[in-house]
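Undergrad: okay, structure incoming, though there's no sequence with it:
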Ligand code: C2E
Ligand code: MG
Ligand code: MG
């Protein structure tokens, strides 16, 4: 028989290209990638063996028996291996569901090894094929063995895909299903409809090309800036090694001191060039590690058993100490290292990531640059923060945030004329959680938008249910996070809520903390719209940050709140700037609130210095709504605070 080779030649070119391209790049050392690389290699071998066997079979008199026998044997060995390996590929991709599906795993390989033994013993039995002076003919049990093995492994692959359909991304699912159908259909057509056409390899090669393009391109696992593996690759790698391999590793995390500020000063282009240089260095010059880039200037090094953490950190520090020069600009990022020993026993990549991210954030604030080890204190803080995050999401979703109120004393009239709304979470396990524990978490994941809205609604409801004028209160102060202020619809959302509760906007005063994140023009627009409706604005936490302050003070704030740290420094005798600050703001006609008055002496001195308003534990801590109403009615009825009587 003369075989039609055109499909084989096409498959050879296609797989040849992918084989070379795939092997020229580094791919993440996980089972799925190793199996795919083996699949490409065996597919390549299979096509070559098939072409050679077909040529030999076309000219049997020229090539003789053993040449034909050997070429066919290699072809059959590899064709069975392709379907078997693809099933293994699905197995690792679907999180090894094989155990669930088939109980004990060993027998799943039996048909494959049986078929391989048939191939090797074929010269004696002729079960699969026969070669003689007329060329190749199908053997006695060809139709029992070949289609059955293919259908068996395609069936198992399909069952695995189906069983894991919820965890496999759509793109990957489609490629895998395509593989099963295309490779099986091609085989069945070749067996039963077009015996002279060699369709199996073209079917498998096309399917592999699709798998490559949709999920096997090594670029998917790499970070574009640093050219080392990215965070998702880290999850995959550690997922496999820790979950399935039950391995334990040691890790070194790297972050850079003031990374955000360095990016703001030198620009993202220059910092990306630095990251690229550093990534290449880690990959090429630091031995016994597998480096990953976690974003935001943070790296994770997975250490192998030979790695010495002290030697590695010393080597990296020495490399970075020299500094870098790009286009005449010198940058000198200072690294900070954290070490996580194998005793931490993280269960998967996500846990390693959470522990590391949290610890890196903690050490960014440290003065010391020594290698810090993740200890029980770090882990306890991390576990607390995870619980707080859960409690936060629960409280936000269930409308269960609690608003406390802290009265603000008006020293001009000698009574309480306003209050600050301060959010709390009351958790059955953790008790009352203060905002310092969850506001930054809420800002990180965007929950702050819902949180802010809920606090606003609760304050508006409170105002609508109480006669603020009769209580002697001018307004309630609400904290706005910078993240909320970036929302262009914030003003209209606030007005809408106030209208819904039928309250006058002049009962609301908004506190904003100045940060570099805020765009002054957008903030101005937000303030103008709300001031137009009758609300006022206070600049919160004055004295804790100084960037852009000149511009900030041009904004239409009517009150400046001096942060408690500035007040405390003055009373501790560490800083004498407070009286000058107060007279400066008074001259500019800002109302002044001093926070943090804890003693009678403090509040009296602050009044004498000219503070219009005083807020502090001396008068009251932030208290729940009911207690606050009682407190105000009780104290303001007297017209004066009892401390002055
Ligand atoms: P803040 O806006 O500066 O609020 C004043 C903080 O100082 C409150 O802490 C208050 O309890 C505390 N404080 C006032 N006087 C004294 C004092 O005499 N001694 C001491 N030790 N502390 C005093 P709190 O309630 O823990 O709030 C912390 C921060 O959380 C607030 O600082 C504010 O930035 C933020 N926050 C609170 N509620 C909200 C909210 O609803 N939204 C947003 N975005 N942030 C909020
Ligand atoms: Mg405030
Ligand atoms: Mg404040």
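TA: Structure's in. What do you need? Since we're looking at a predicted model, the values are computed, not measured. Ligands and ions are numbered 1, 2, ... in the order given.
Undergrad: what is the subsequent helix or strand relative to the helix or strand of the chain with the lowest mean pLDDT?
TA: For the chain, using mean pLDDT, DSSP states H and E, the weakest element among its helices and strands is helix 98-102, scoring a mean of 60. Along the chain past helix 98-102, the next helix or strand (assigned with DSSP states H and E) turns out to be helix 110-120.
Undergrad: residue numbers of the chain in contact with ligand 2?
TA: Within the chain, the positions lying close to ligand 2 (CB under 5 Å from the ion) are 479, 511, 540. (C-beta placed from N, C-alpha, C; glycine too.)
Undergrad: give the buried residues for the longest strand along the chain.
TA: Scanning the chain for the strand with the most residues, using DSSP state E, yields strand 415-427. Neighbour-count burial for strand 415-427 flags 415-425, 427 (criterion: 16 or more other CB atoms under 10 Å).
Undergrad: report the entries of those that also contact ligand 1.
TA: Among the buried residues of strand 415-427, proximity to ligand 1 is found for 422-423 (CB under 6 Å from any ligand atom).
Undergrad: check the buried residues of strand 415-427 against ligand 3 and report the nearest one.
TA: Minimum separation from ligand 3 among the buried residues of strand 415-427 (CB to the ion) is found for residue 420, which lies at 7.9 Å.
Undergrad: in contact with the closest residue to the closest one other than its chain neighbours, which residues are there?
TA: Counting by CB to CB, 6 or more residues apart in numbering, residue 477 is the residue found nearest to residue 420 once chain neighbours are left out, at 4.4 Å. The contact partners of residue 477, taken as CB atoms under 8 Å, 6 or more residues apart in numbering, are 408, 418-421, 509-511, 538.
Undergrad: quick one, helices of the stretch 351-500 of the chain?
TA: Listed in chain order, the helices of the stretch 351-500 of the chain (DSSP state H, counting those that start in this stretch) span residues 376-397, 439-445, 448-465, 468-471, 482-485, 490-500.
Undergrad: quick check: mean pLDDT of the first one?
TA: In other words, helix 376-397. Helix 376-397 shows an average pLDDT of 91 in the prediction.
Undergrad: now stretch 134-148, how far from the chain's geometric center?
TA: Taking the mean C-alpha point of stretch 134-148 and that of its whole chain, the gap between them comes to 53 Å (CA atoms, centre = their mean, to the nearest Å).
Undergrad: distance of the residue in the stretch 51-200 of the chain that ligand 2 sits nearest to from residue 176?
TA: When scored by CB to the ion, the stretch 51-200 of the chain has residue 169 as its residue closest to ligand 2, at 43.7 Å. Plainly put, residue 169 is 11 Å away from residue 176 if you go by CB to CB, to the nearest Å.
Undergrad: before we move on, back to that, redo the contacts of residue 477 as TSV? Include pLDDT.
TA: Shown next, in TSV, are the contacts of residue 477 (pLDDT from 0 to 100):
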residue	pLDDT
408	98
418	97
419	98
420	98
421	98
509	98
510	98
511	97
538	96
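Undergrad: that older thread, which of the helices of the stretch 351-500 of the chain sits closest to residue 118?
TA: Across those, the minimum distance to residue 118, taken as CB to CB, is reached by helix 376-397, at 55.6 Å.
Undergrad: is ligand 1 within reach of that closest one?
TA: No. Helix 376-397 lies apart from ligand 1 when judged by CB under 6 Å from any ligand atom; the minimum separation is 11.7 Å.
Undergrad: which helices and strands sit right next to that helix?
TA: Counting contacts by 3 or more CB pairs under 8 Å, 6 or more residues apart in numbering; DSSP states H and E, helix 376-397 packs against helix 349-364, strand 415-427, strand 431-433, helix 439-445, helix 448-465.
Undergrad: so what does the longest helix along the chain touch, helix or strand wise?
TA: Of all the elements of type helix in the chain, the one with the most residues (DSSP state H) is helix 60-93. Under the contact criterion of 3+ CB pairs under 8 Å, 6+ apart, the helices and strands touching helix 60-93 comprise helix 31-58, helix 110-120, helix 122-125, strand 129-132, strand 135-138, helix 142-163, helix 170-192.
Undergrad: could I get these as TSV with distance to residue 601?
TA: Formatted as TSV, the entries for the helices and strands packed on helix 60-93 read as follows, by distance: least, CB to CB, whole Å:
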stretch	distance to residue 601
helix 31-58	69
helix 110-120	86
helix 122-125	101
strand 129-132	102
strand 135-138	104
helix 142-163	72
helix 170-192	68
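Undergrad: out of those, which is closest to residue 202?
TA: Shortest distance between residue 202 and these, using CB to CB, is found for helix 170-192: 6.5 Å.
Undergrad: got JSON lines for the helices of the stretch 351-500 of the chain, with distance to ligand 3 and mean neighbour count too?
TA: Supplementary listing: the helices of the stretch 351-500 of the chain in JSON lines, determined by distance: least, CB to the ion, whole Å; neighbours: other CB atoms under 10 Å:
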{"stretch": "helix 376-397", "distance to ligand 3": "21", "mean neighbour count": "15"}
{"stretch": "helix 439-445", "distance to ligand 3": "12", "mean neighbour count": "15"}
{"stretch": "helix 448-465", "distance to ligand 3": "15", "mean neighbour count": "19"}
{"stretch": "helix 468-471", "distance to ligand 3": "22", "mean neighbour count": "14"}
{"stretch": "helix 482-485", "distance to ligand 3": "14", "mean neighbour count": "20"}
{"stretch": "helix 490-500", "distance to ligand 3": "20", "mean neighbour count": "17"}
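Undergrad: the ones you listed: which one's closest to residue 316?
TA: For residue 316, the closest of these is helix 376-397, at 21.3 Å, according to CB to CB.
Undergrad: how many degrees apart are that closest one and strand 415-427 in direction?
TA: Calculated by axes from the mean of the first three to the mean of the last three CA atoms, to 10 degrees, helix 376-397 forms an angle of 110 degrees with strand 415-427.
Undergrad: how near is the residue nearest the centre of the chain to ligand 2?
TA: Nearest to the mean C-alpha position of the chain, counting by CA atoms, centre = their mean, stands residue 231 at 7.5 Å. From residue 231 across to ligand 2, the span is 35 Å (CB to the ion, to the nearest Å).
Undergrad: before we move on, what about residue 610?
TA: With the distance defined as CB to the ion, residue 610 ends up 21 Å from ligand 2.
Undergrad: what residues does this structure put near ligand 1?
TA: Within the chain, the positions lying close to ligand 1 (CB under 6 Å from any ligand atom) are 406, 422-423, 434-436, 439, 452, 455, 479, 481, 511, 540-541, 564, 595-598, 615-617, 622.
Undergrad: can you turn the buried part of those residues into a ChimeraX selection?
TA: Paste this into ChimeraX to select the buried members of these, with burial taken from 16+ other CB under 10 Å:
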select :406,422,423,435,439,452,455,479,481,511,540,541,564,595,596,597,615,616,622
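Undergrad: residue ranges in the stretch 401-550 of the chain under the pLDDT threshold?
TA: Low-confidence segments of the stretch 401-550 of the chain, defined by pLDDT under 70: 516, 545-549.
Undergrad: if we use 90, what do you get?
TA: Regions of the stretch 401-550 of the chain meeting the criterion pLDDT under 90 cover residues 444-445, 513-521, 543-550.
Undergrad: repeat for the stretch 1-150 of the chain
TA: Within the stretch 1-150 of the chain, the stretches with pLDDT under 90 are 1-7, 19, 21-26, 31-32, 57-66, 91-108, 131-137.
Undergrad: same thing but 70
TA: Judged by pLDDT under 70, the stretch 1-150 of the chain has its weakly predicted residues at 1-3, 95-104.
Undergrad: quick one: residues contacting the residue of the stretch 101-250 of the chain found nearest ligand 3.
TA: The nearest approach of the stretch 101-250 of the chain to ligand 3 comes at residue 231, 35.3 Å away (CB to the ion). Contacts for residue 231 were tallied using CB under 8 Å, 6+ apart; they are 223, 292-295, 353.
Undergrad: pairing partners for the residue nearest to residue 420 in the sheet, please.
TA: For residue 477, the beta-bridge partners are residue 420, residue 509 (DSSP bridges).
Undergrad: can you pull out the helices in the stretch 501-645 of the chain?
TA: With DSSP H, counting those that start in this stretch, the ranges of helices along the stretch 501-645 of the chain come out as 520-532, 549-552, 564-572, 577-587, 600-609, 625-637.
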